[in-house]
Structures are given as structure tokens and as C-alpha cells.
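A.B. asks: 3D, please:
(chains A and B)
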Amino acid sequence: MKPRSPFELPAEHEREMQHATRLEWYTLGFMLTIVGVMSLTMGSSQAMKAAWVEDMLGLVPPIAFLIASRWRAHPPNERFPYGYHRALSISFLVAAVSLTGFGVFILVDSLSGLIRAEHPAIGTTVILGQSVWSGWLMIAALVYSGLPPMVLGRMKLKVARALHDKTLKADADMNKADWLTAGAGIFGIVGIGAGFWWADAAAAGIISLDIVKDGVQNLKRVVADLMDQRPTTIEGEVSDVPEKVRDALQALPWVRWARVRLREEGHVFAGEAFIEATPELATLSSAKSLACLFEEAGRVARAADWRVYDVVVTLARAEE
Amino acid sequence: MARRLLSQTDSSMSKPKVVRRLCAHSGDPGRRFPGAVAALSYVCALSYACGLALGCGPWPRDPERTLENAIERGTLRVGATESPPWLVRAGADATGREAELLHAFAESLGVRIEWQWGPLDDHMEQLGRFELDLVAAGLTAKSPWSAHTSFTRPYHEEGRVQRVLATAPGENRTLVALERLIERHKRVGAS
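C.D. replies: As a prediction, the model looks like this:
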């Protein structure tokens, strides 16, 4: 076996990565307190239960990210000659599945509540000898559960773009789903207080559609990545990196024609480049060895973008 | 969604103008949120909550108007199943801890109690259809009927056994009023 050489993140991206890791630890910490507060105040409110289950599921993407980012740093070895970058794709898969599963869960839960015309009950809680309507406590808990994900989610989105990290993107989507459900929960509970038994389930149902949409979109992307689709941006648009690599190779004096085939492995791209050499190759290769020229071509391909990791260069005939 | 819910409640509720003006800016929430719109819709949700809470009388309300109807009718329809010592039939009336609580409850509403004696399962089905206002049957919090109707907080606790009354599902004004009364009685009993 010939393991690949290890991949080093550029210094500025290494800093972003540390920032992302920190954000994920904050998320984990906040989510745990939120889950605690919610379970204390949760009554039979549908939207409240949905928000709570979501917060539990919301723990999955940060954990997946933190585990994967540990593995990412491991250098390729005899057993895993291609390295550990795919660990990120797997964590993205986990995050996307949990997001989708969550959306479907609330959708089914709220629809069944509406169909069976379940009237959610919210009674009182005794605080310091005073009977308080539990709805107020639930609303306070929901406001608390909505604010950290809103702030952290927006911060993650920025880092996810810079790092080309799709797990982080899925997690940012999860955070958006988090505060949307918290908002829906508030609407639902106020609605119940105002005497509309369906308000809670209806609000949760509408929000769940948005979450399912996000989840399915992320799921499609990660499956496509694992199927070695051509590289895309974290928003799912076609990436221009393959063209950049091709142009860089064609700029070499001994290359007449070049084509590349790239796939995504976590947040790096790898693949093959096919080049047709000009007759100049013969004269050049008498000065340098052929292996040196090909190594240089590999370096040029990697220099085209920081995400390009491993490109195997091979000779081919032009297909025009 | 903000606007959708608002328009559904607009007809029955009068809200401060500020709330409505704020919500007019909430934009299309289904697509990607620019930061300001996201924050604004959150603020919107909160002001909607405050607006609703301040803008109307009894809170929370009964979706099926259990208390209002009882007051208009002048009677509280109680499904009763004898369960000594909590509820014992005594001629046209009843005695026991549950009867005491319900007498006080009826008195606070200015209505009289219409005891309907019968088997528990029948009462619970009727309560689920809002044909009864309350069920008193020496129920415990662990009763499987808790998923079908709304149980109050316990009026009596002994180890793990919690005695409760049942209200119609999701009739929160009734539930809250009864729970407040139970809490008052507990405190009087303790002191």
C-alpha cells in the first residue's frame, strides 16, 4: 500500500476550523441546558414536545461534527490509504438524517393531533406558593431555547462557507429549525391560552414542512457526495474548482490538453487528471525526469484551490 | 406564518396597533432569512404573545367554553362515581373530599352542582365529548384516562398515590380555576 501524503489545512482555515469546533462545543453546552429547562416545563403541548425532541436531535450534528473533526486530522496510513476525510461526509449523513427524521416526526405528530382533535391541556405550576399558568413558563423556556441556536446558527453558516463544511451547514440548518420550532411553540401556547386548541398543532405542522424540506435537501446532497458526484458548493451549486484545475494544467508548457475528474471527500476534493502532452515533453524530459514533471503537474493541480488534495496525473489522448 | 395566524385570530381579538405594524414587515418566512427579518419575526412572535395576553379577559380560555356555559346554564355537570372516602353519595347530594372541593368550586362560580351518578367509563366518554364538565371518581394520576381527558394537579397525596379530578380535554380555564382552588384548599388544610 502507498498511503497518500497527509493534507494540511491552510493556516487561515485551520483557525476557522478551531472557531467552528468552539462554536460546536458552545452549541452542545447550550443544548444540554435547553433540553433540561424544556423537560421541566413541558406539559401536553404538541409544539412544546416537538421543540424538546428537536433539541435532543439537535445534539446529533454537533456531536457528529466534533467526532469527525477529530478523525479528519489523522494522516492516511496502511489500513486507510485514502485518509479519513470521508469521516466528514459520514457525519454530514448523520446530521442530515437526524434533521429529516425530526421534521417527519413533528409533521406526523401534529397531523395526528389535528385529525384526532386533541385538545392540549395546560394547567398551573406552583412557584413560591403562587399558582401560575404553566403556559407562561413554557413560553419563557421556549424563548430561552430559541435565542442561542439563532445566534450560533448564523455564526456557523459563515464558517461553513469558508471551510466548505457541509456538516456544519446541516447543523446551521438544524439551528434554524430549532428557533423556528421555538417560535411555533410560542404561537401555539399563546393560541391555546386564547382558546384555540388547534393553534399548537397547526403551528408545529407548518414549521415541520420547512424542516422536512431542509432535511431532504441536505440528505440528497450528502448521498450525492457519497456517490462521488462532481464537487458542489455547500449550497449545492456546481463548483468551479475542476475547471480551475484544468486551466492550471493547460497552462503548463508541455500540456496540450487536460481534463479532470474530481469528487468530494469531506471538505477536500480528490481525483484524476488526464493530459495530452505536446512534443515538447520529449525535450523537457531529457533535462528533468518524467516523474519530476508529473509531480510538478500534481503540485500545480493542488495549487489551483486549497480544497484540491490529491490528483493523480496520467497521460491520455485528447477527446475533442 | 406570523401573518397567517394573526389573520385567523384578528376577527376575535383586538390587539395593540404596534403589534400589527411590526408583523407587516415579517416578509416571506419560508425562504432564506436575512438576519434582520429573522430577528424581527422572532420579536413579532413575542409581541403577538404579549398583545394577545394583554388584549383579552380571562386567560387561559376554554376552547369549548365549559365555564361560560356552566355559568349561563347555572349548573355544573359533574359525572360522579361513588368511591369512598373521596366521594360518597348522600341522597341528592354527596360528601367526601371531592364533594367539598366541588361545592367550593360551584360556589365560586355561582352555580349549583348537577350530580350524574354512573359508571366511570361512561362518564369519561361523555367528558371527552364535552357533555360533562367534570368527573369526580376518586381517580389517581396514574389512571389510563389521563391521556383522554385533562387531570388536575393532586388534591391529596399519599406516597405515590395522587388523587385527582378530571376536566374535559384541553378546557384550560376550567383546569386552571380548579387547580387554583385545590391549591388554596391545600394551604388552608396545612395551616
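
A.B. asks: any idea how far B:V176 is from B:I182?
C.D. replies: Separation of B:I182 from B:V176 (C-beta to C-beta, to the nearest Å) stands at 11 Å. The C-beta positions use only the backbone N, C-alpha and C, and glycine is treated the same way.

A.B. asks: the more surrounded of the two?
C.D. replies: B:V176 (28 against 22; other C-beta atoms under 10 Å in any protein chain shown).

A.B. asks: hey, where'd the helices end up in the chain?
C.D. replies: Since you didn't name a chain, this refers to chain A. A:11-41, A:46-57, A:60-72, A:86-115, A:134-163, A:166-193, A:199-226, A:241-250, A:280-287, A:290-303 (DSSP state H).

A.B. asks: actually it's chain B I care about, not the one you picked
C.D. replies: Under DSSP H, chain B gives helices at B:2-10, B:17-23, B:35-55, B:66-73, B:97-109, B:120-128, B:172-190.

A.B. asks: the residue nearest in space to the middle of chain B and chain A, how far apart?
C.D. replies: In chain B, the residue lying closest to the centroid (C-alpha atoms, centre = their mean) is B:N172, at 1.9 Å. Using C-beta to the nearest C-beta, to the nearest Å, we find B:N172 at a distance of 5 Å from chain A.

A.B. asks: contact partners for that residue?
C.D. replies: With contact set as C-beta atoms under 8 Å, 6 or more residues apart in numbering or on different chains, B:N172 has these partners: A:121-123, A:133, A:135, A:192-193, B:60-63, B:150.

A.B. asks: mind showing which ranges of chain B have poor pLDDT?
C.D. replies: Filtered on pLDDT under 70, chain B yields the residue ranges B:1-40, B:42-57, B:191.

A.B. asks: which residue would be the closest one in it to chain A?
C.D. replies: Across chain B, the shortest distance to chain A (C-beta to the nearest C-beta) belongs to B:G170, at 2.4 Å.

A.B. asks: for that residue, grab the count of nearby residues.
C.D. replies: 26.

A.B. asks: quick one, what contacts it?
C.D. replies: Contacts of B:G170 by C-beta under 8 Å, 6+ apart are A:118-121, A:192, A:197, B:63-64, B:150.

A.B. asks: how near is the nearest residue to A:Y26 once chain neighbours are set aside to A:M42?
C.D. replies: Nearest non-adjacent residue to A:Y26, counting by C-beta to C-beta, 6 or more residues apart in numbering or on different chains: A:L152, 6.2 Å away. Using C-beta to C-beta, A:L152 is found at 22 Å from A:M42.

A.B. asks: who has more neighbours, those two?
C.D. replies: Shown here are A:L152 and A:M42; by other C-beta under 10 Å, A:L152 has more neighbours (22 against 17).

A.B. asks: quick one, what contacts whichever residue of the stretch 1-150 of chain A sits closest to chain B?
C.D. replies: Proximity of the stretch 1-150 of chain A to chain B (C-beta to the nearest C-beta) peaks at A:H119, 2.4 Å away. A:H119 makes contacts with A:197, B:63-64, B:150, B:168-171, as judged by C-beta under 8 Å, 6+ apart.

A.B. asks: out of those residues, who's the most crowded?
C.D. replies: B:E171 leads these on contacts (other C-beta under 10 Å) with 29 neighbours.

A.B. asks: got the phi and psi for that residue?
C.D. replies: The phi and psi values for B:E171, taken as degrees, to the nearest 10, are phi -90, psi 80.
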